[in-house]
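**Q** no FASTA, just this:
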C-alpha cells in the first residue's frame, strides 16, 4: 500500500525536468486549471503537483521509474474529454500528458492496420484511414478525444451494433508499466493465444494499470453507401420490441437508436432543428451501411417490411444525405437540447439486455419522478446502452438536486442489476461512479479487482482512487 | 506458493464423494487412462489422484473450497480435445470433469443469445442455434470439443476471418474461483465498462484462473448462401500477396486458406481425395457467406476479377455444395494425410502478420530441412496463423526426432518473433509450449503473468504448471 504518497518536492520537479525538458513541465499554481478535471467537473477537480508533456516512451518510462521509486502518484491524461472523472490527480502528484505524442504512422496496407501514438486525435485517425481508402469505425461521438483515451476507456458509440467497440479494433498495445518497464501486448496479428490476454484487460482499465505509448488498430474497407430509416411507433414498448426484429434480419444494421417524442420536442423547441417524422410517441432510427447499392436496397426493403409488419405507423426512408442529416442532427442535438432545457444535468450510463430496454425506461422515469427529477432516457437501442439523462429544474436547490440525483442513481443502478444489466455501458467508472461500484459487483469482485490492480501496480501509484479505491 | 501440494488421502476422497456422489468419483488406478492426457500425449501424461464428474456449480464450489483449504491441485477437463497438453494433472490431485454439465438452454430470441453449461458440445450448440434459425459461427474444426473448452482456450478456426474468434461471441461467464466463490463476469449485455474486463482475461486462460460453469454466447442471423473460390498461383509469394487484395475488397470473406501443391499431393496420394484444381504451386481458397444471392455474386465476381488481375492462373468457382465439398475435403484431410505420410508429427502453431506469411513459410522450410525434418505449413492465410506440421521420416530414431523438433521449434518461434508474430495463434501454451514461452515474451511479461495468476489463484491450486510454471 502506498498511501500516503510522498508530497512532491522541488527536487522531484527538477528531476522530471531533467528527464524531459524544462519548457514542458509546469508546477503548482503554473498549471492551467483545465488540467484539474475532465468534462465532468462534478466528478472531481484536483490540482496536480506537476504537469508534464512527454514526447516519447523513454520519457514516460523515466518518469514512471522515478515515481515508482519515490512513491509519487501519476495520472496519464489524453484530450480530457472523459465523462467519468477519470483523468484527474485525486491524490496530487504528476499529471502526465501524452498529447504531444500524436504521430500517426502510414497505413500498413498489407495488414490493413494503422499505428499511432496515444495523443493522436480520433478524428485524425479516421481521416488518415479514409485518405487511404479504409475505415476506422469506432465513433463515440467525441471526435476530439485522443485515440489513447478511446482505447483505455474502450470507447463505444452508435455504430457498435455493426462494428463493435474500440476493443474490437485494437491489434496491439505498447505501454509503460508503473515500474517504468516498456511492454508490448500482442503484436500486429489477427489471433493470439500466447499467454494471458493482457491486452484486453488493459483496454477499458481507465489508466489504472499502465500508460499507453502506441496502439495499432485494425481498419476495414469503407462501406460505399448508407441509408437511414425512421420507424415511428405508438408506444415505447412497440418501439423497443422492434429491435430484435431488426437484428433477426440477415442484414446487420450499423446503428439502432431510439428517441421518445418528448425528447424530439425538447430538441425542436430549444435548437430549432426539425425532425422529419411527426408521428409516434417513440421512433426507432436504423442505419445501414453496405458495400453495394443492391445490398443496401435489400436491407432497407427488408427492414421497412419488418417495421410495418410489427406495428410501425410508417417507415420513412432518409435515402439522401440531406434527409439523413436532418434525422441525425436531432439525435446529435440531444445533449445540447437538454442543456438548454434545464439548469444542470447528471447522467446514468447503464446498459441492460436488449430485451429489457422498454421495461428499464419506464421504471427509470418512475424512479426519477419519485425524487422530483425529470429524466430523458435515450440512446443506443441496439446495444441496450441507455443514457439516462437527469435534468435539474430551476426550482431545485443545490442540496435537493444532489440528494435527488444520488437517490435516483442508487435506484437506477439497482434496477439495471435486477434486469441483468451493468453499471456502465461506455463511460466507465473513473471517480464519478466509484461509490456505486462495490454495491453493484459485490465484495468478492472488488477483492478480485484489487488483486488485479496490484498485479500491475503494487505500489498503487498509477491513477489511484479510480475504478477502485484502496484508501478507505 | 503452494508447492509441494498435499498428497491426497482416502479422507480427501471421501470428502469429495460426500459433496458429489460416490458413483461419480474414481480414485487412483480406477481412473481410465484417457483422463491422463489430452489429444497430445507428447505434451504430458499424468495420472490424477481422483477423478470426479460434477453435475452443478455447487459441487464445483464445494470441491474448490475444500481443495483451497487443503492445498490440493485441481484440473478442470472438458472433452479432452485440446492440443497443448493443457487439461492434465501435472501435479496430481483432482481431475474435475464438467462433461455431465451439458445443458443447453432455449435460445433467447430477443437478445439473440444462447446459454449453456460448459460440457455442452460445440456441435450441439451449433445445432441448437441452427434449429432456432440462428448461427453460432466459431468453428475450430474439432466439433466434439466442449463449449467450455472452446471458451477457456479462445478457440479459433477457419471462419475467424469474417466472424472472429470464440472470444467475440462470449457475452458472459459464470465461474467458480479457486477459493470456491461463484462469480459472474459481465451479463447478457452488448457493451460493458463496469470495472476491469475480467471476462476477456479468463477467455483463453486455459483453466488456470477459474472453472467455467455457464456461458452465454452471442448468435447471428444465419447466412443464406455460400460460395468457395480456388485461386491457383505460380508461387507461394504470389498466393500470399493475394490475401491483402482479397481483404481490400468491400466484401469480407468468411475464410482464406492456402495449400501448397506438395500438401495437395500428400492428401491425394494417401487419402484418394482429388483436388479439383490441378494447376499452381500454391492455391488460395476463399469462401464467402452472404445474406442474398446478389451480394454473393458481387463478392465472387469482385474476388475473381482481383485474382486474375493479380497473377492467378485461374479462378475456379465451386458454386455447388458438391464442388465446394471436394475442395474443403482436401483441406480437411491434411492432418490425416500427413499422418499417413509420416511416422510421427509435431506441430508449431505460430501466427505472423498477414504481410509476412510467405516469408515465414519459406524460412520455416529451410529451418526444418536444416534439422533433417520435412515441414508442411498450411492453414489460415487470412489470419496469418500457419500450422507448421513437422513430419517424421521412418529413418529417424526417437532421439533424432526429439532433438530435431526441439531445435526446429526453437528457431521457428524465434523466426515468428522476428517477423512480429506470436508463439501460438490458437492452440495455446498448456504444458507443451511452456518451455518456449519465457524466451518468447521475456522475463518482465512472465513476472506479470505470474502476478495475474496469483491475483486469481494465490495458492496456485488451479491447473498448476500450465501457461506459467512457478515450480522451478
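**A** Here it is on my side, so go on. In this text the structure is predicted, and so the values were computed from the model without any measurement.
**Q** Now do the contacts for the residue nearest to residue A:469 when sequence neighbours are not counted.
**A** Nearest residue to residue A:469, sequence neighbours excluded (CB to CB, 6 or more residues apart in numbering or on different chains): residue A:434, at 5.9 Å. (C-beta placed from N, C-alpha, C; glycine too.) Contacts for residue A:434 (CB atoms under 8 Å, 6 or more residues apart in numbering or on different chains) come out as A:465, A:466, A:467, A:468, A:469.
**Q** Enumerate every residue touching the second one.
**A** Put plainly, it is residue A:466. A:85, A:86, A:90, A:206, A:207, A:208, A:429, A:430, A:431, A:434.
**Q** How about the secondary structure of it?
**A** When classified by DSSP: H, G, I helix; E, B strand; the rest coil, residue A:466 comes out as coil.
**Q** Flag every residue of the stretch 1-150 of chain A that's near chain B.
**A** Neighbours of chain B within the stretch 1-150 of chain A, by CB under 8 Å from any CB of the partner chain: A:108, A:109, A:110, A:111, A:112, A:133.
**Q** I'd assumed residue B:355 was in contact with the first one.
**A** Spelled out, that is residue A:108. Yes. With contact defined as CB atoms under 8 Å, residue A:108 reaches residue B:355; the gap is 7.1 Å.
**Q** that older thread, can you tell me which of the residues of the stretch 1-150 of chain A next to chain B lies closest to chain B?
**A** residue A:110 (3.5 Å; CB to the nearest CB).
**Q** That closest one: what's its closest spatial neighbour, skipping adjacent residues?
**A** Using CB to CB, 6+ apart, the closest residue to residue A:110 is residue B:355 (3.5 Å).
**Q** Kindly provide the distance from the residue nearest to residue A:469 to chain B.
**A** Separation of residue A:434 from chain B (CB to the nearest CB, to the nearest Å): 10 Å.
**Q** what's the answer for residue A:13, then?
**A** Noted for residue A:13: a distance of 29 Å to chain B, by CB to the nearest CB.
**Q** Mean confidence (pLDDT) on the host helix or strand of that residue, please.
**A** Here residue A:13 sits within helix A:10-19, counting by DSSP states H and E. Throughout helix A:10-19, pLDDT has a mean value of 98.
**Q** after that helix, next one along is what?
**A** strand A:25-27.
**Q** pLDDT on that following strand, on average?
**A** Rounded mean pLDDT across strand A:25-27 is 98.
**Q** what's near enough to touch residue A:58?
**A** Residue A:58 neighbours (CB under 8 Å, 6+ apart): none.
**Q** The stretch 151-300 of chain A: strands as residue ranges?
**A** If DSSP state E, counting those that start in this stretch is used as the criterion, the strands of the stretch 151-300 of chain A fall at A:170-176, A:182-185, A:211-218, A:220-221, A:225-233, A:255-260, A:282-290.
**Q** Which other helices and strands does the last one contact?
**A** Okay, so that is strand A:282-290. Applying 3 or more CB pairs under 8 Å, 6 or more residues apart in numbering or on different chains; DSSP states H and E, we find strand A:282-290 packed against strand A:225-233, helix A:236-248, strand A:255-260, helix A:261-271, helix A:293-309, helix A:321-332.
**Q** let's see it at 6 Å
**A** Helices and strands touching strand A:282-290, as assessed by 3 or more CB pairs under 6 Å, 6 or more residues apart in numbering or on different chains; DSSP states H and E, comprise strand A:225-233, helix A:236-248, strand A:255-260, helix A:293-309.
**Q** Could you do the first one as well?
**A** Applying 3+ CB pairs under 6 Å, 6+ apart, one finds that strand A:170-176 makes contact with helix A:57-70, strand A:182-185, strand A:211-218.
**Q** Just want the angle from the first one to helix A:10-19.
**A** Compare the direction of helix A:57-70 with that of helix A:10-19 by axes from the mean of the first three to the mean of the last three CA atoms, to 10 degrees and you get 160 degrees.
**Q** Can you name the element that comes right after helix A:57-70?
**A** Taking DSSP H and E, what comes next after helix A:57-70 is strand A:74-77.
**Q** and the helix or strand of chain A with the lowest mean pLDDT with helix A:236-248, angle?
**A** Least confident helix or strand, chain A: strand A:374-380 with a mean of 89, by mean pLDDT, DSSP states H and E. Here strand A:374-380 runs at an angle of 10 degrees relative to helix A:236-248 (the same axes, to 10 degrees).
**Q** what does the stretch 151-300 of chain A put close to chain B?
**A** Applying CB under 6 Å from any CB of the partner chain, we find that the stretch 151-300 of chain A lies next to chain B at A:154, A:156, A:165, A:181, A:187-197, A:200-201, A:204, A:221, A:244, A:247, A:250-251, A:291-292, A:294-295, A:298.
**Q** and if you look at the stretch 301-450 of chain A?
**A** A:351, A:353-355, A:383-385, A:420-426, A:428, A:441, A:444, A:449.
**Q** Which of these fall within helices?
**A** A:441, A:444, A:449 (DSSP state H).
**Q** Buried subset of these, written for ChimeraX?
**A** Listed next is the ChimeraX selection for buried residues among these, using 16 or more other CB atoms under 10 Å in any protein chain shown:
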select /A:441,449
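**Q** ok, so of the ones in helices among the residues of the stretch 301-450 of chain A next to chain B, who is nearest residue A:37?
**A** Taking CB to CB as the measure, residue A:37 lies nearest residue A:449 of those, at 24.3 Å.
**Q** got a list of what that closest one touches?
**A** A:468, B:195, B:196 (CB atoms under 6 Å, 6 or more residues apart in numbering or on different chains).
**Q** what's the helix holding residue A:13 packed up against?
**A** strand A:25-27.
**Q** distance between the strand it packs on and the chain's centre?
**A** Relative to its chain's centre, strand A:25-27 lies at 29 Å (CA atoms, centre = their mean, to the nearest Å).
**Q** Next, the buried residues of that strand.
**A** A:25, A:26, A:27.
**Q** Residue A:424 touches residue B:192, doesn't it?
**A** No. With contact defined as CB atoms under 6 Å, residue A:424 does not reach residue B:192; the gap is 7.5 Å.
**Q** Looking at these two, which has the bigger crowd around it?
**A** Ranked by neighbour count (other CB atoms under 10 Å in any protein chain shown), residue A:424 and residue B:192 place residue A:424 first, with 29 against 25.
**Q** Who are the packing partners of the longest helix seen in chain A?
**A** The longest helix of chain A (DSSP H) is helix A:398-418. On a contact count with 3+ CB pairs under 6 Å, 6+ apart, helix A:398-418 meets strand A:345-348, helix A:357-370.
**Q** which stretch in the ones you listed is the model least sure about?
**A** When I compare the helices and strands packed on helix A:398-418, strand A:345-348 is least confident, with a mean of 91.
**Q** Can you list the strands that that strand pairs with?
**A** Strand A:345-348 pairs in its sheet with strand A:385-391 (antiparallel), by DSSP bridges.
**Q** hang on, the earlier thing: can you lay out the helices and strands packed on strand A:282-290 as JSON lines showing mean neighbour count and mean pLDDT?
**A** Shown next, in JSON lines, are the helices and strands packed on strand A:282-290 (neighbours: other CB atoms under 10 Å in any protein chain shown; pLDDT from 0 to 100):
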{"stretch": "strand A:225-233", "mean neighbour count": "23", "mean pLDDT": "97"}
{"stretch": "helix A:236-248", "mean neighbour count": "21", "mean pLDDT": "92"}
{"stretch": "strand A:255-260", "mean neighbour count": "24", "mean pLDDT": "95"}
{"stretch": "helix A:293-309", "mean neighbour count": "18", "mean pLDDT": "94"}
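**Q** on that earlier part again, could you dump the helices and strands packed on strand A:170-176 into a markdown table with mean pLDDT added?
**A** Shown next, in a markdown table, are those (pLDDT from 0 to 100):
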| stretch | mean pLDDT |
| --- | --- |
| helix A:57-70 | 98 |
| strand A:182-185 | 98 |
| strand A:211-218 | 98 |
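**Q** Pick the most buried one from these.
**A** Of all the helices and strands packed on strand A:170-176, strand A:211-218 has the most neighbours on average by mean count of other CB atoms under 10 Å in any protein chain shown, namely a mean of 24.
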